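[1] I'll drop the sequence and a predicted model, then ask my questions.
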Amino acid sequence: MIRRTACLSKLVQSVRVGSSSSLPTKLRDHRCFGPGAASNAEQACEASVYSKFGKNEYADVDWDNLGFGLVPTDYMYMMKCSNNGIFEQGQLNRYGNIELSPAAGVLNYGQGIYEGMKAFRKEDGNLLIFRPDQNAMRMKIGSERMCMPSPSLDQFIDAVKQTAQANKCWVPPPGKGSLYIRPLLIGSGPILGLSPSPEYTFLVYASPVRNYFKEGSAPLSIYVEEEYDRSSRGGAGGVKSITNYAPVLKALLRAKSRGFSDVLYLDSVNKKNLEEVSSCNIFIVKGNVISTPATAGTILSGVTRRSIIEIARDHGYQVEERAIPVDELSEADEVFCTGTAVGVAPVGNITYKDKRMEYKTGAQTVCPQLYSTLIGIQTGRIEDKKGWILEID
């Protein structure tokens, strides 16, 4: 952890300030700093201080009790785009509130999309970011669906890298979690009539996280929702629009009040085929065959989903992407969920029409085998032969 004496000593040695009143605000609060934020004298000072810290110094966080809640870090990245559709040069800013017009497109018409990815710390202190190019491409696809310009692939990845580097001391120690990175693209310009926003803001912030579900790594209990839909044909269910998430809260909260971990949704037309869970994709296992619903416009094409499909095939499993009737849940040996936030989570039981179905879990099942390979690649314990990892100092 970064302690008061270490911070003050290094600051005095590095920038030779004359009094504590001249200390940058964040350092007086005993937080740490990232490079690349030298847009003014104070930020340049902070970057100088950071450069004196070792690779494995940390913010003052109880890493052993970290959950999946917002822990504000030091910096966020921001850049804007006006009617020409071209994003200007962005920069790091102190993490904090942003100013929006009450008429902003995102507030009035929900014009916004987001992504999520993770950075992991290696034993040598370097950071590993998992497949950021895939998130960049998915944001581009989503922005086209939502009539928004998007950052280029290079702009997206550079913003993610800068955010991770600037908040490096907030990346948990190896084995204690990851830095969840949230790129967000919103219609920030004012618009009264229903129309695309005249201005867009792309920002990236981050938070250290660990387990998404309160169960931790324990098997999940899932409820099949029959009253509410998550998405419909021709809608925006296949992209990461912010409008997809608030509508699931009612069913999710109701299920949690009954003791379930999450909700599994069915297709909106016939209520016969599996779609996805509120925040993740779903897989069922029968023998050597692993099946997951096909992404045909109503299901988000998850980066973790795509990665697990490839890993499973490498392990010799037959993987099918197809329509899966809900009745097949009663025949499955095993069920698991995948997502950036959840990782690969085993499902212990699913309740459908008041019938509770139990599934195999434990060390000898498919789920931990696939997860072990995924997390091994993400953390550098397994060689990345697929070009999935972006490593930064």
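    That came through fine. Residues are numbered from 1 along each chain as shown.
[2] residue boundaries of the strands in the stretch 251-393 of the chain?
    Counting by DSSP state E, counting those that start in this stretch, the stretch 251-393 of the chain has strands at residues 262-266, 274-277, 281-286, 289-293, 318-322, 334-339, 343-352, 355-358, 389-392.
[3] Pull up the pairing partners for the first one, direction included.
    Sheet neighbours of strand 262-266, with direction, are listed as strand 220-225 (parallel), strand 274-277 (antiparallel) (DSSP bridges).
[4] Show me the contact partners of it.
    Strand 262-266 is contacted by residues 213, 220, 222-226, 228-231, 248, 251-252, 255, 272-280, 282, 326, 337, 350 when judged by C-beta atoms under 8 Å, 6 or more residues apart in numbering. Bear in mind the C-beta positions are built from the backbone N, C-alpha and C, glycine included.
[5] Filter the residues you listed down to the buried ones.
    Taking 16 or more other C-beta atoms under 10 Å as the criterion, what is buried in these is 213, 220, 222-225, 228-231, 248, 251-252, 255, 273-280, 282, 326, 337, 350.
[6] Next one: the closest residue to Gly189 other than its chain neighbours from Gln134, what distance?
    In space, and not counting its chain neighbours, Gly189 is closest to Glu199: 3.0 Å by C-beta to C-beta, 6 or more residues apart in numbering. Counting by C-beta to C-beta, to the nearest Å, the gap from Glu199 to Gln134 is 27 Å.
[7] before we move on, what about Lys386?
    From Lys386 across to Gln134, the span is 12 Å (C-beta to C-beta).
[8] Please apply the same query to Gly216.
    Distance from Gly216 to Gln134, by C-beta to C-beta: 27 Å.
[9] neighbour-wise, which of those two wins?
    A direct count of neighbours by other C-beta atoms under 10 Å for Gly216 and Gln134 places Gln134 higher, at 18 against 10.
[10] Tell me who's in contact with that one.
    Gln134 neighbours (C-beta under 8 Å, 6+ apart): 303, 306.
[11] Swap in 7 Å and give it another go.
    Val303 (C-beta atoms under 7 Å, 6 or more residues apart in numbering).
[12] Nearest approach to Gln162 belongs to which of the strands paired with strand 262-266?
    Smallest distance to Gln162 across those (C-beta to C-beta): 31.7 Å, for strand 274-277.
[13] Can you verify my assumption that Met346 contacts Pro219?
    I think there's a mix-up here, since residue 346 is Pro and not Met. Yes: assessed by C-beta atoms under 7 Å, Pro346 is found in contact with Pro219 at 4.7 Å.
[14] Now the common contact residues for these two.
    Shared contacts of Pro346 and Pro219 (C-beta under 7 Å, 6+ apart): Thr361.
[15] Now do the strands in the stretch 101-250 of the chain.
    112-114, 117-121, 127-130, 178-187, 200-209, 220-225.
[16] Mind putting those strands into JSON lines with mean pLDDT?
    Output for these, formatted as JSON lines (pLDDT from 0 to 100):
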{"stretch": "strand 112-114", "mean pLDDT": "98"}
{"stretch": "strand 117-121", "mean pLDDT": "97"}
{"stretch": "strand 127-130", "mean pLDDT": "98"}
{"stretch": "strand 178-187", "mean pLDDT": "98"}
{"stretch": "strand 200-209", "mean pLDDT": "98"}
{"stretch": "strand 220-225", "mean pLDDT": "97"}
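[17] Read off the pLDDT value for Thr5.
    Predicted confidence (pLDDT) for Thr5: 33.
[18] do the same with Lys214
    78.
[19] try Gln91
    According to the model, Gln91 scores 96 on pLDDT.
[20] Likewise for Ala47?
    The predicted local confidence for Ala47 is 44.
[21] Repeat that for Ala38.
    pLDDT, Ala38: 39.
[22] swap in the one 4 residues further on?
    Per-residue confidence for Glu42 comes out at a pLDDT of 45.
[23] again, but for Pro24
    At Pro24, pLDDT is 35.
[24] again, but for the one 5 residues further on
    Confidence per residue is given as pLDDT, and for Asp29 that number is 44.
[25] what does Leu370 give?
    98.
[26] I figured it was touching Glu310, is that so?
    No: under the criterion of C-beta under 7 Å, Leu370 makes no contact with Glu310, lying 10.3 Å away.
[27] circling back: mind checking how far the residue nearest to Gly189 is from Glu226?
    With C-beta to C-beta as the criterion, Glu199 and Glu226 are 41 Å apart.
[28] which residue sits closest to the residue positioned nearest the centre of the chain, ignoring its sequence neighbours?
    Most central residue of the chain, judged by C-alpha distance to the mean C-alpha position with C-alpha atoms, centre = their mean, is Gly116 at 2.5 Å. Nearest non-adjacent residue to Gly116, counting by C-beta to C-beta, 6+ apart: Thr340, 4.5 Å away.
[29] Go ahead and confirm the one you found touches Arg306.
    No: if you go by C-beta under 7 Å, Thr340 and Arg306 don't touch, sitting 11.4 Å apart.
[30] more crowded one of Leu370 and Glu310?
    It is Leu370, of Leu370 and Glu310, that has more neighbours when counted by other C-beta under 10 Å, with 24 against 13.
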